[in-house]
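Asker: everything below, folded, please.
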Amino acid sequence: MSAERPERRTYFRIPNLALDFPLSELDGVNIENPLAKSLLRTATVKRLKGVSQLGLVITQKRHGRAHFHTRYQHIGTVTEIGERILRQNGFDEQEINLGVAAFILHDVGITAFGDSTKPLDPKNLEEEAHWREASNRRITTLLRRNNISPQQVDAIIHNGGVLGKVLDIADRIAYVSRDLSAWIDDLPRIEEAWGSQPRDGGNFLMTTEERKALLRVEPTAAEWIRPFTGADEFLNGIERWCLWLVGIPPEELNRLPEIKKRVEGVRKMRLASKAEATRKKAVTPAIFAQIAQPMTDYLLVPLVSSEKRPCIPIGFMPKEVVASNLCCVLPHATLYHFGVLSSAMHMAWVKQVCGRLKSDYRYSKDIVFNNYPWPEKPTAKQRAAVEAAAQ
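Answerer: Next up, the predicted model:
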């Protein structure tokens with residue numbers, strides 16, 4: 001456990017999850033953790049793509065679309081949620097990797113017909129009891145390379161310790177979220193107030209010239225550099241970049257001395273801060289102070305824009321582009337959502353309820369977006385008309 005973080009915690013910060021995870025619309029998983037990606041590629045785990053999550057019922061219909069729901073999708077969602085909880089509560093990379101291994105492997109022992117066969121022989125068909133038997137040599141090798149023992153994973157899968165409790169929480173959230181998403185209306189909501197906040201003293205961010213200079217010295221750093229955009233960059237077409245070191249193995253960081261210097265700069269900047277919350281973030285200097293980056297492509301809304309524009313400029317962004325805390329992000333947005341947000345009706349709402357920075361619009365998730373009166377139960381023809389007008 002990290003020395004700066006108490007071993008016993010009486011609470012967890014549970015991240016806002018509503019649209020940040022693919023839930024019942026998953027057709028794959030979007031996970032960045034290197035160990036997780038390796039485990040998901042093993043034959044043992046990939047077998048779960050053919051095992052339905054709700055017994056023999058594999059699809060649900062909502063708004064005329066089929067929603068596939070398999071064990072593979074379930075462990076992907078559990079892993080995304082569980083890793084987010086661990087990162088937002090200051091766990092170190094070794095603890096996160098240990099948790100991620102358990103999040104992925106907790107269901108590998110499930111039988112071919114899922115929960116529907118459990119009542120036949122509850123003791124012998126319980127997946128938690130047989131995950132080690134179901135695992136192959138590749139999984140054992142991956143765990144060993146990451147200094148993780150099967151005994152540690154087994155304890156977490158059986159809900160032991162703090163990480164076991166996180167697995168239980170993430171598992172429950174995944175179940176409830178899927179059930180809700182199958183039945184509630186698909187009105188979009190923004191749960192995070194803004195995108196990701198570096199709080200880095202300028203060490204994570206760089207111009208195109210600075211990026212080129214860094215890559216001339218450390219070409220292998222390219223894997224850990226992403227496009228970065230805030231409101232100013234988005235509105236004015238400014239190209240910026242950032243270090244995105246989520247999931248970087250310690251040995252990889254040690255092979256990148258220039259990046260390591262920047263990480264050390266972040267640590268010193270945060271330790272010197274007058275704000276206690278910032279000083280606490282010095283424990284994890286390799287990552288942004290607040291991470292709210294969607295796992296999927298998203299719609300970006302700048303928080304501040306000129307009142308002289310006929311509408312607030314918004315745009316679809318690929319998941320690889322890191323959105324700053326000067327933007328609202330809307331994962332899983334469709335062309336229909338884009339059309340409504342670009343409409344004269346939405347702008348009439350903005351002009352009445354939006355806050356102001358001088359005379360500029362100050363967009364917000366709670367006052368403006370989440371309270372907007374979206375059209376109720378639009379027909380397929382109406383949605384198509386909005387989508388056509390949006391193009």
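
Asker: all helices of the stretch 101-250 of the chain, in order?
Answerer: Using DSSP state H, counting those that start in this stretch, the helices of the stretch 101-250 of the chain run over 131-134, 137-145, 150-157, 161-183, 208-217, 231-236, 250-254.

Asker: nearest to residue 195, of these?
Answerer: Closest of those to residue 195 is helix 231-236, at 9.8 Å (criterion: CB to CB). Just so you know, the C-beta spots here come from the backbone N, C-alpha and C atoms, and that holds for glycine as well.

Asker: in the closest one, what counts as buried?
Answerer: Neighbour counts over helix 231-236 (16 or more other CB atoms under 10 Å) mark 231, 233, 234, 235 as buried.

Asker: low pLDDT regions in the stretch 1-150 of the chain?
Answerer: Low-confidence segments of the stretch 1-150 of the chain (pLDDT under 70): 1-30, 52-69, 111-130.

Asker: out of the buried residues of helix 231-236, which is nearest to residue 203?
Answerer: For those, the minimum distance to residue 203 (CB to CB) is 17.9 Å, reached by residue 233.

Asker: would you map the strands across the chain?
Answerer: Along the chain, counting by DSSP state E, strands occupy 59-62, 65-68, 205-207, 225-229, 240-243, 298-302, 304-305, 315-317, 322-323, 327-331, 355-357, 360-362.

Asker: elements contacting the last one?
Answerer: In other words, strand 360-362. On a contact count with 3 or more CB pairs under 8 Å, 6 or more residues apart in numbering; DSSP states H and E, strand 360-362 meets strand 304-305, strand 355-357.

Asker: can you do 10 Å?
Answerer: strand 304-305, helix 344-353, strand 355-357 (3 or more CB pairs under 10 Å, 6 or more residues apart in numbering; DSSP states H and E).

Asker: okay, the ones you listed, which one's buried deepest?
Answerer: Mean neighbour count, computed with mean count of other CB atoms under 10 Å, is highest for strand 304-305 among the helices and strands packed on strand 360-362, reaching a mean of 20.

Asker: residues in contact with it: which ones?
Answerer: 230-232, 234-235, 311-314, 326-327, 350, 354-358, 360-363 (CB atoms under 10 Å, 6 or more residues apart in numbering).

Asker: now do the contacts for residue 249.
Answerer: Taking CB under 10 Å, 6+ apart, we find residue 249 in contact with 34, 35, 93, 97, 145, 146, 255.

Asker: distance of the fifth one from residue 75?
Answerer: To residue 75, residue 145 is 20 Å away according to CB to CB, to the nearest Å.

Asker: neighbour count for the two, which is higher?
Answerer: Between residue 145 and residue 75, counting by other CB atoms under 10 Å, residue 75 is the more crowded of the two (28 against 11).
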